[in-house]
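>>> Predicted model and sequence follow; I will ask about them next.
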Amino acid sequence: MPNTAAKYLHVVAAVIRDAAGKILLAQRPAHKHQGGKWEFPGGKVESGEIPLHALSRELEEELGIQLQHAQPLIKIRHVYPELAVLLDVWEVTAFSGTAHGREGQPVAWFDAEQLPALEFPPANAPIVTAARLPAQCLITPEPHDSIEFLQQLQQCLQAGVRLVVLRAKTLTASEYVALAHEVIRLGHAFGAKIVLNSPPVMLAEADGLHLTSRQLLTAEADLHDTLLPGQWLSASCHGSAELQQAAALGADFAFLSPVLPTLSHPGEAHLGWAAFAATVENVNLPVYALGGMTSDHAITARQHGGQGIAAIRSLWSGV
Ligand SMILES: Nc1nc2c([nH]c(=O)n2[C@@H]2O[C@H](COP(=O)(O)OP(=O)(O)OP(=O)(O)O)[C@@H](O)[C@H]2O)c(=O)[nH]1
Ligand SMILES: [Mg+2]
């Protein structure tokens, strides 16, 4: 969302995960703004405070836990009728102490997949998506031999890949559908999400539909409504205008490329990390960095406002 409101209230919030990957939520007290809804614990940054200190203070005050490690997850700007908030969300992966509602608020640990069914403040939808998405996304290379392809995909899943975009441009419609069924069956056995890039028909079992940047620009405004409830819409973008278009279409996440030079397009202009950060800053979507990425770049991507990295080559063969 564009930074049009004069002043956003800076709020830090935490996606806190335990060793089993469950996420801690608190219920907002009835008398507060957005009372009764579930929230990611956190609160307002005080004047002069750096965000990480504010997060550490809020988690101690609200939950009685001591923050040990956090990394940025997503920033959301949302304008409520009463106030405009900048929700600065961090992923907490290490803390000490036992979380409890120190202000009397109910708190509970949830599986990430339970989150979509809970009621959150209206600003939170992209945070819930970001909390469910991994830091790495595999885009498949062109499948030439489906047996070999499925074997290699299985190795990627065994190595921890949990989000796959099936991209197959040279297959006939029936070959694509047959392969997609196998990819979904295999992916789901590992708890991975499978998103279909330009399928001839959308499949009910798929976890999402991915649009090329060209499809994004000509997509019908109600495209998301044609998907089943819970299916994601994602899109490939190359700059601010396309990211805004993806957001306007109700996309759940996006890729932004090329961030670094790639082997397939050597000498081509690329964004670099500073422009990636500046572009992502203006959109309320989880955005994967694409182009020249390896899994080592996932932390860099997070530090520049991204959800993580998307890659073909390095995630397919580097496992
Ligand atoms: N902590 C938190 N606040 C959120 C979320 N989503 C969201 O819209 N907000 C909004 O962010 C604002 C600030 O949050 P807060 O009420 O937790 O602030 P706080 O802990 O400092 O409260 P206090 O003023 O009682 O000390 C509220 O207007 C709240 O509605 C969320 O997931 N977590
Ligand atoms: Mg709070």
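Arrived safely. Ligands and ions are numbered 1, 2, ... in the order given.
>>> Relative to residue 317, how far out is the closest residue to residue 205 other than its chain neighbours?
Leaving aside its chain neighbours, residue 205 sits nearest to residue 184 (5.0 Å; criterion: Cβ to Cβ, 6 or more residues apart in numbering). From N, CA and C alone the C-beta is placed, and that goes for glycine too. To residue 317, residue 184 is 22 Å away according to Cβ to Cβ, to the nearest Å.
>>> and those two? which has more neighbours close in?
Counted by other Cβ atoms under 10 Å, residue 184 and residue 317 do not tie: residue 184 has more neighbours, with 21 against 11.
>>> What strand or helix carries that one?
Using DSSP states H and E, residue 184 sits in helix 173-189.
>>> and the helix or strand that comes right after that helix with helix 173-189, angle?
Sequence order places strand 193-197 as the next helix or strand after helix 173-189, per DSSP H and E. Interaxial angle of strand 193-197 relative to helix 173-189 (axes from the mean of the first three to the mean of the last three Cα atoms, to 10 degrees): 160 degrees.
>>> which strands and helices sit next to the following helix or strand past strand 193-197?
The helix or strand immediately downstream of strand 193-197 is strand 208-211, counting by DSSP H and E. Counting contacts by 3 or more Cβ pairs under 8 Å, 6 or more residues apart in numbering; DSSP states H and E, strand 208-211 packs against strand 193-197, strand 232-237.
>>> Could you report the neighbour count for the closest residue in space to residue 203 that isn't next to it in sequence?
Excluding the flanking residues, the one nearest residue 203 by Cβ to Cβ, 6+ apart is residue 180, at 5.9 Å. Using other Cβ under 10 Å as the criterion, residue 180 is surrounded by 22 other residues.
>>> Please name the residues that touch residue 180.
By Cβ atoms under 8 Å, 6 or more residues apart in numbering, the contact list for residue 180 reads 166, 194, 196, 199, 203, 206.
>>> for residue 238, same thing?
For residue 238, the contact set (Cβ under 8 Å, 6+ apart) comprises 213, 256, 257, 258.
>>> Backbone dihedrals for it, please?
Residue 238 adopts backbone torsions of phi -120, psi 0, taken as degrees, to the nearest 10.
>>> now residue 90
phi -120, psi 150.
>>> Now do the SS call for the closest residue to it other than its chain neighbours.
With Cβ to Cβ, 6+ apart as the criterion, residue 90 has its nearest non-adjacent residue at 4.2 Å, and that residue is residue 70. Under the three-state scheme (DSSP: H, G, I helix; E, B strand; the rest coil), residue 70 adopts strand.
>>> Could you point out which of the contacts of residue 180 is nearest to residue 268?
Among the contacts of residue 180, residue 166 lies closest to residue 268 (Cβ to Cβ), at 24.9 Å.
>>> so that closest one sits right up against residue 140, yeah?
Yes: if you go by Cβ atoms under 8 Å, residue 166 and residue 140 touch, sitting 5.5 Å apart.
>>> So the two - more neighbours on which side?
Using other Cβ under 10 Å, the more surrounded residue of residue 166 and residue 140 is residue 166, with 25 against 21.
>>> Against residue 36, how distant is the more buried one?
40 Å.
>>> Could I get the pLDDT score of the residue in the stretch 1-150 of the chain positioned nearest to ligand 1?
Residue of the stretch 1-150 of the chain nearest ligand 1, by Cβ to the nearest ligand atom: residue 43 (2.3 Å). What the model reports for residue 43 is a pLDDT of 97.
>>> For the worst-scoring helix or strand of the chain on mean pLDDT, list every residue counted as buried.
Averaged element by element with mean pLDDT, DSSP states H and E, the chain has its least confident helix or strand at helix 313-317 (a mean of 91). Neighbour-count burial for helix 313-317 flags 314, 315, 316 (criterion: 16 or more other Cβ atoms under 10 Å).
>>> Kindly indicate which of those lies nearest ligand 1.
residue 315 (30.9 Å).
>>> ok, the closest one - contacts?
Residue 315 neighbours (Cβ under 8 Å, 6+ apart): 136, 137, 138, 139, 156, 161, 295.
>>> Surely residue 91 is in a strand?
Yes: residue assignment for residue 91, taken from three-state DSSP, places it within a strand.
>>> rewinding a little: residues contacting the residue nearest to residue 90?
14, 52, 55, 90, 91, 92, 93.
>>> In JSON lines, list the residues you listed along with neighbour count and pLDDT.
Below are the contacts of residue 70 laid out as JSON lines (neighbours: other Cβ atoms under 10 Å; pLDDT from 0 to 100):
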{"residue": "14", "neighbour count": "26", "pLDDT": "98"}
{"residue": "52", "neighbour count": "16", "pLDDT": "97"}
{"residue": "55", "neighbour count": "24", "pLDDT": "98"}
{"residue": "90", "neighbour count": "25", "pLDDT": "98"}
{"residue": "91", "neighbour count": "19", "pLDDT": "98"}
{"residue": "92", "neighbour count": "24", "pLDDT": "97"}
{"residue": "93", "neighbour count": "14", "pLDDT": "90"}
